[in-house]
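Enquirer: Predicted model and sequence below, questions to follow.
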Amino acid sequence: MRLLTGQISAVNFVVWNVVLAALISPVFCDDNDDDDDNDDNDNDNDDNDHDDDMTVCQEEDNDLRVTCPLRPTPDYHTQYEFSMSRGSKEIIINTNVSGTMPEPTFRHNTYVEELQPYGFKLTMMRFTLTENTTFMCKVSKEEKRVFVDLDSLQPCSAISLFLQSYPWLLTLLLPLAIIQLLEDL
């Protein structure tokens with residue numbers, strides 16, 4: 001098989017797809033080794049216990065997205081609860097905790113997805129903030145919170161949407177590489 005100058009062989013294309021998949025696949029790291037370093041300062045509500053921060057952003061279709069990067073406890077069913085507070089009133093948005101009900105206005109227009117390798121994402125469909133709000137998430141009895149200033153609410157970036165969907169893109173690239181290989185034969 002003779003290649004023209006500048007033409008990429010299908011084999012090289014497949015190799016580059018495999019390398020790309022290996023480079024952008026999530027790495028599962030157990031960083032619990034350093035948990036014993038600060039035993040005197042353990043606090044379930046301490047935001048420094050976790051690597052990631054909770055985020056809130058507005059999507060183009062006016063859905064509000066809230067990510068909660070808490071790690072669930074592996075020894076029992078993972079319970080989560082998303083809520084928000086405006087002033088002194090806390091409103092439950094979405095939960096799977098038995099016996100706890102979300103506010104009726106959020107019952108049918110919110111959903112929660114589990115993130116990999118850990119965490120949860122709340123989507124509030126067609127929801128726009130009207131005032132400064134604190135969002136809270138609780139996972140396996142741990143809690144995180146983030147204050148959102150109405151004037152500083154960020155739009156969700158297209159790159160973050162791309163990175164969330166990259167496993168699907170890789171599954172599409174592999175058949176394309178195979179088709180390219182078959183056409184070159």
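Expert: Yep, that arrived.
Enquirer: all strands of this structure, in order?
Expert: Along the chain, the stretches classed as strands by DSSP state E are 55-58, 64-68, 80-86, 89-95, 110-114, 120-124, 133-139, 142-148, 154-155.
Enquirer: Now the fourth one: average pLDDT?
Expert: Along strand 89-95, the predicted confidence averages to a pLDDT of 94.
Enquirer: can you check the second one too?
Expert: Taken as a whole, strand 64-68 carries a mean pLDDT of 95.
Enquirer: How confident was the prediction at residue 73?
Expert: Residue 73 carries a pLDDT value of 77.
Enquirer: now do the same end-to-end measure for stretch 126-136.
Expert: 20 Å (CA to CA, to the nearest Å).
Enquirer: Now it: buried residues?
Expert: 127, 129, 133, 135-136 (16 or more other CB atoms under 10 Å). Quick note: C-beta positions are derived from backbone N, CA and C, even for glycine.
Enquirer: which residues are in contact with it?
Expert: 54, 56, 58, 61-64, 66, 81-86, 90, 109, 143-150, 153 (CB atoms under 8 Å, 6 or more residues apart in numbering).
Enquirer: switch to 7 Å and redo it
Expert: Contacts with stretch 126-136, where a contact means CB atoms under 7 Å, 6 or more residues apart in numbering, come from 54, 56, 62-64, 66, 83-86, 109, 143, 145-150, 153.
Enquirer: Least reliable of the strands of the chain by average pLDDT, please.
Expert: strand 154-155 (a mean of 90).
Enquirer: helices or strands next to it in the packing?
Expert: Counting contacts by 3 or more CB pairs under 7 Å, 6 or more residues apart in numbering; DSSP states H and E, strand 154-155 packs against strand 55-58.
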